[in-house]
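Novice: turn this into a model:
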Amino acid sequence: MSDKLKRPTLSKHLWLIYAVSVILLGVIWYYEWILGIIMTVLLMLSFYYTIQRERKRSDEAEQYIATLSYRVKKVGEEALLEMPIGIILFSEDYTVEWTNQYMNQFTEEDTIVGQSLNVISEELIPMIKENNEEVRIRLEDFEFQGIIRREERLIYLFDRTEQAELETLYQNEQTVLFIIFLDNYDEITQNMDDTIKSQLNSEVTAFLNQWSQDNGLYLKRTSQDRFLAVGTKEILQELEKTKFDILDEMHEFNNELDIPITLSIGVGVGNAPLPELGKLAQSSLDLALGRGGDQVAIKDDSGKVRFYGGKTNPMEKRTRVRARVISHALRDLVKASDRVIIMGHQAPDMDSIGSAIGILNIAQTNQVDGYIVFDPDDVTTGVNRLVEAIKSEPNLWQHFVSPETAEDLITSRSLIVVVDTHKPSMVVSKRLLGKSEYKVVIDHHRRAEEFIDNPTLVYMEPYASSTAELVTELLEYQPKGEKLKMLEATALLAGIIVDTKSFTLRTGSRTFDAASYLRAKGADTVLVQQFLKEDLDLYVKRSKLIERTEIYRNTIAITKGAPGEIYGAVLIAQTADTLLTMTGISASFVIAERSDGRVGISARSLGEINVQIIMEQMNGGGHLTNAATQLEDMTIEAAEALLKAILDEYYEGREIE
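Specialist: Next comes the predicted model:
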């Protein structure tokens with residue numbers, strides 16, 4: 001304590017009072033010295049008393065400050081060492097230099113001083129390097145919020161375990177809606193005896209009731225082919241762990257009843273009101289049915305979708321009644337438009353071009369101008385011969401226009417018809433989709449999460465072999481008008497033949513009916529074979545690619561292209577097709593570099609393995625037996641490793657039927 005603090009001091013007011021008193025005392029001494037003596041003694045006594053009182057007050061203040069400083073210092077030390085907050089000092093090489101005692105309870109050793117921050121969490125060092133100021137880490141059974149002071153190399157850890165448990169409890173108790181639909185109930189029960197039908201209803205209801213009770217769901221049958229179930233997010237998570245094995249149990253149930261009935265489930269989940277959850281569940285169900293049924297689609301309030309199941313080939317259940325209704329609806333839309341703009345997908349194949357030509361004929365039959373959007377710079381070798389044949393027919397070729405020309409032709413009253421795809425990112429010109437409110441989608445692929453916005457009419461049938469097959473059926477119900485020319489019928493037939501691998505895959509009775517109709521309209525099968533002829537150099541290149549094949553998991557063929565060598569999309573697909581014809585091969589995957597710098601993977605199967613699900617996990621898509629993807633910023637080796645990891649998960653998480 002300084003001398004200044006120890007020396008008693010008087011306030012300015014007291015000094016002023018004493019100064020005035022001295023002046024008055026002088027006056028008294030001048031006039032009455034006896035009284036002056038008395039007053040002087042009294043003033044000195046008063047001054048002495050004041051000094052003593054100020055000294056005592058100063059001593060008390062000094063003692064109080066000393067005591068307070070000691071207490072503050074002691075509390076600070078105890079807070080630093082004993083408070084339930086983790087404090088860590090680390091060095092420049094991320095080694096722990098000091099921790100308070102609170103951190104010792106989270107390690108088996110007495111201290112973590114001198115060890116890497118990885119001993120606390122392997123995520124901590126990367127987070128510090130990324131200049132994150134706040135992080136969440138888990139230690140043992142505790143969850144912590146970390147505050148990082150990078151300049152001081154200091155970390156504060158606050159226990160947020162209770163808060164995390166409450167958040168988890170809140171999330172787990174969120175309501176989830178399930179809509180369960182019996183995919184082919186109407187088709188199976190159409191000609192069924194009432195007694196057998198009643199027994200089937202009873203058996204299915206009992207089966208689903210047992211499943212709902214086992215999993216804690218509330219189930220209510222709302223119609224003959226539809227059920228509504230209510231559960232929680234925690235229940236949904238448990239069902240996802242089982243990969244919704246109810247789909248497999250349903251297959252076993254079918255074997256017992258000898259009735260091939262399947263079910264699809266649409267799930268709505270998220271922090272949303274019940275009406276919104278209902279819309280999500282219905283949207284999920286539509287998505288599952290659009291992908292062929294026999295699967296589960298889960299959509300949350302952010303729009304993300306997850307799929308389970310879909311391992312079996314979709315059963316053909318579309319009817320000619322639906323084809324006729326769609327054909328008449330399309331006719332009305334065509335007549336109401338000033339012109340029809342037809343688009344397929346980028347790098348068009350036989351199916352895309354053939355179905356586009358079929359829609360062009362529908363437009364001409366209804367006396368409306370039609371145009372096919374075609375990019376001559378985006379033509380693969382697989383359709384070169386077909387394109388050359390079209391060019392030799394001026395009356396047909398004049399209706400093929402570039403995307404730029406199509407933008408000049410289209411008006412707000414025009415009708416856009418998208419064939420052989422439903423993804424906006426894959427059409428020839430995405431800009432055209434925003435030029436008109438009237439859009440029609442005709443496709444045979446399983447529906448993906450990405451879809452064209454607000455279509456006026458959708459005709460998606462994953463049960464069909466090809467879009468050309470669907471368009472051929474629509475042609476049959478159009479009014480008698482523009483006759484289907486030989487080349488047009490041949491292009492449609494070529495689309496069917498290519499997509500079915502010459503009627504060996506995804507072929508139903510309706511496929512042969514469509515082919516028969518086209519043959520009757522003059523389709524030339526010999527010309528189709530000429531379109532499909534191979535170049536000798538490509539054949540040799542494909543053979544060399546097949547030489548690099550590796551057999552994975554006994555029945556899966558995986559082929560990688562030579563590093564640095566470019567392969568066309570058609571060649572990759574043809575190689576996958578060829579591998580599938582080999583003895584003992586149930587699925588094939590061909591990985592190679594494309595001319596656009598991406599790594600392409602073409603996948604094929606005989607139906608035992610759902611290659612669509614596998615390709616979707618690599619941002620691709622397609623069919624159960626025919627799918628593909630393109631990967632950016634990835635090497636062939638990395639793509640192969642990712643593919644094998646997904647295949648391992650597929651086999652371990654699903655029972656292959």
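Novice: with adjacent residues omitted, what lies nearest to the most centrally placed residue in the chain?
Specialist: Residue closest to the mean C-alpha point of the chain, counted by C-alpha atoms, centre = their mean, is residue 304 at 4.8 Å. Residue nearest to residue 304 in three dimensions, not counting chain neighbours: residue 449, with 7.9 Å by C-beta to C-beta, 6 or more residues apart in numbering. For the C-beta atoms, the positions are set from N, CA and C on the backbone; glycine is no exception.
Novice: residues contacting the one you found?
Specialist: Counting by C-beta atoms under 8 Å, 6 or more residues apart in numbering, residue 449 makes contact with 287, 303, 304, 305.
Novice: and if you look at residue 346?
Specialist: 375, 378, 426, 427, 428.
Novice: repeat that for residue 145.
Specialist: Residue 145 touches 134, 135, 136, 157, 158, 160, counting by C-beta under 8 Å, 6+ apart.
Novice: give me the buried positions along the helix or strand containing it.
Specialist: Counting by DSSP states H and E, the element that carries residue 145 is strand 142-149. By 16 or more other C-beta atoms under 10 Å, the buried positions in strand 142-149 come out as 142, 143, 144, 146, 148.
Novice: same question for stretch 396-411.
Specialist: Those would be 396, 399, 400, 401, 403, 406, 409, 410, for stretch 396-411 by 16+ other C-beta under 10 Å.
Novice: hmm, back to that, out of the contacts of residue 145, who's the most crowded?
Specialist: Within the contacts of residue 145, neighbour counts (other C-beta atoms under 10 Å) peak at residue 157, which reaches 26 neighbours.
Novice: still on that earlier bit, what is the nearest of the contacts of residue 449 to residue 93?
Specialist: residue 304 (40.1 Å; C-beta to C-beta).
Novice: about what we covered before: which of the contacts of residue 449 count as buried?
Specialist: 287, 305.
Novice: so which of the contacts of residue 449 are in strands?
Specialist: Here DSSP state E is the test, and the contacts of residue 449 give residue 305 as lying in strands.
Novice: residue 423 and residue 352: what is the separation?
Specialist: Shown here: residue 423 relative to residue 352, a distance of 13 Å by C-beta to C-beta, to the nearest Å.
Novice: who has more neighbours, the two?
Specialist: Neighbour totals were compared for residue 423 and residue 352, and residue 352 leads with 24 against 19 (other C-beta under 10 Å).
Novice: show me what the host helix or strand of the more buried one is packed against.
Specialist: Assigned by DSSP H and E, residue 352 belongs to helix 350-365. With contacts defined as 3 or more C-beta pairs under 8 Å, 6 or more residues apart in numbering; DSSP states H and E, helix 350-365 has these neighbours: helix 320-335, strand 339-343, strand 369-373, helix 384-391, strand 415-419, helix 467-476, helix 486-499.
Novice: go again using 7 Å as the cut-off
Specialist: helix 320-335, strand 339-343, strand 369-373, strand 415-419, helix 467-476, helix 486-499 (3 or more C-beta pairs under 7 Å, 6 or more residues apart in numbering; DSSP states H and E).
Novice: with mean neighbour count added, can I get these in TSV?
Specialist: Output for the helices and strands packed on helix 350-365, formatted as TSV (neighbours: other C-beta atoms under 10 Å):
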stretch	mean neighbour count
helix 320-335	16
strand 339-343	26
strand 369-373	23
strand 415-419	29
helix 467-476	27
helix 486-499	26
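Novice: of those, which approaches residue 102 most closely?
Specialist: The closest of the helices and strands packed on helix 350-365 to residue 102 is strand 415-419. By C-beta to C-beta, the value is 62.5 Å.
Novice: who are the packing partners of the helix or strand that comes right after the closest one?
Specialist: Downstream of strand 415-419, the next assigned helix or strand under DSSP H and E is strand 438-443. Judged by 3+ C-beta pairs under 7 Å, 6+ apart, strand 438-443 is in contact with helix 320-335, strand 415-419, strand 457-460, helix 467-476.
Novice: ok, residues contacting strand 438-443?
Specialist: In this structure, residues lying in contact with strand 438-443 by C-beta atoms under 7 Å, 6 or more residues apart in numbering are 330, 333, 337, 355, 415-422, 433, 452, 455-460, 467, 470-471.
Novice: can you do 8 Å?
Specialist: 330, 333, 336-337, 355, 359, 413-422, 433, 452, 454-460, 467, 470-471, 474.
Novice: partners of it, with directions?
Specialist: Using DSSP bridges, the strands paired with strand 438-443 are strand 415-419 (parallel), strand 457-460 (parallel).
Novice: average pLDDT across that strand?
Specialist: Averaged over strand 438-443, pLDDT sits at 93.
Novice: please apply the same query to stretch 577-586.
Specialist: The average pLDDT within stretch 577-586 is 91.
Novice: for it, buried residues please.
Specialist: For stretch 577-586, a neighbour-count test (16+ other C-beta under 10 Å) marks 577, 578, 579, 580, 585, 586 as buried.
Novice: try stretch 33-49
Specialist: 36, 39.
Novice: the residue nearest to the centre of the chain and residue 129: what is the separation?
Specialist: For residue 304 relative to residue 129 (C-beta to C-beta), the value is 29 Å.
Novice: what's the closest of the helices and strands packed on strand 438-443 to residue 444?
Specialist: For residue 444, the closest of these is helix 467-476, at 5.0 Å, according to C-beta to C-beta.
Novice: which strands and helices sit next to the closest one?
Specialist: If contacts are counted by 3+ C-beta pairs under 8 Å, 6+ apart, helix 467-476 sits against helix 320-335, helix 350-365, strand 438-443, helix 486-499, helix 509-520.
Novice: pick out the shakiest of these, pLDDT-wise.
Specialist: Among the helices and strands packed on helix 467-476, helix 320-335 carries the lowest mean pLDDT, at a mean of 87.
Novice: quick revisit: could you spell out the sheet neighbours of the strand holding residue 145, each with its direction?
Specialist: strand 134-139 (antiparallel), strand 154-159 (antiparallel).
Novice: quick check: buried residues in the very next helix or strand once past the last one?
Specialist: Going back to what we said before, that points to strand 154-159. The helix or strand immediately downstream of strand 154-159 is helix 161-172, counting by DSSP H and E. Within helix 161-172, the residues that count as buried by 16+ other C-beta under 10 Å are residue 164.
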